[in-house]
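[1] test case, fold it:
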Amino acid sequence: MCGRCITLTYDEVMDVIHQIEVGVPVQVEPDWPAQYPQAYPKSRVPLILNEAASHTGQQLQLFAEEKTWGFEESWKSGVVFNTRIESADKPMWRESLKQRRCVICARGFFETHATETVPSSKTGRMIKAQYEFSVPDQSILFIGGIWKEDRFSMVTTQANADMARIHHRMPLVLRPAELPCWFGPEYLSLADRSAIPLIAQRA
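    Modelled structure (predicted):
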């Protein structure tokens, strides 16, 4: 599942929060020369968190904070960097999904095709093709996540029609107007992402 995305800098995430607060369309142009940091599991990533108690439905009090991508668990040699939204009742995820949701700001995310192969640009050997995904009418993607202490995990859901030809799962991509719902008590209502259009481009 998704383990690579193009993220924003901390200052850019602060700009996004300001635009959300004043109610203008979110648009972030990178400083020149343009820098597009890429994040992988174990990367430090600036997130949007909500200071208000997320389960009470209070007005959003957004702030930015950097955390490391991936939960450390004793049963896994690496890190757990994706969380199924359908796992809301499982002990490992229950508390974080209920109380500690966050948002990852990205310019795009990557997914590996289940079967399609292409020659590697480095070795010439056949490898599975990777695709970069974006939303056609959003310059910035908002992706749901959860956090615990200094770690976070990206929340995933069932793939929609645009994603299904590449992979059976997709990140929980949110519309800007859906952020209050994601941080509110009805967050599970966002599991169905069939109405979110995605553009896929071979990476």
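
[2] ok, now which ones touch T156?
    M1, C2, N82, T83, R84, I85, R169, M170, P171, L172 (CB atoms under 8 Å, 6 or more residues apart in numbering). Where you see a C-beta, it was placed from the backbone N, CA and C, and this is true even at glycine.

[3] quickly list what it is bridged to.
    With DSSP bridges as the criterion, T156 is bridged to R84, P171.

[4] give me the pLDDT for it.
    With respect to pLDDT, T156 scores 97.

[5] how close does it sit to C181?
    18 Å (CB to CB, to the nearest Å).

[6] got the end-to-end distance for stretch 137-153?
    One end of stretch 137-153 sits 25 Å from the other (CA to CA, to the nearest Å).

[7] same question for that stretch: list its buried residues.
    Q138, I140, L141, F142, I143, G144, G145, I146, W147, R151, F152, S153 (16 or more other CB atoms under 10 Å).

[8] could you look up the SS state of the last one?
    Going by DSSP: H, G, I helix; E, B strand; the rest coil, the secondary structure assigned to S153 is strand.

[9] residue contacts, it?
    Contacts of S153 (CB under 8 Å, 6+ apart): W69, G70, F71, V80, F81, N82, T83, S96, G145, I146, W147.

[10] quick one: contacts for the most centrally placed residue in the chain?
    Using CA atoms, centre = their mean, the residue of the chain that lies closest to the mean C-alpha position is I143, 3.1 Å off. With contact taken as CB under 8 Å, 6+ apart, I143 is in contact with C5, V103, I104, C105, A106, F109, M154, V155, P171, L172, V173, L174.

[11] quick check, distance from the single longest helix found in the chain to the centre of its chain.
    Using DSSP state H to define each element, the chain has its longest helix at helix 10-22. Offset of helix 10-22 from its chain centre (CA atoms, centre = their mean, to the nearest Å): 17 Å.
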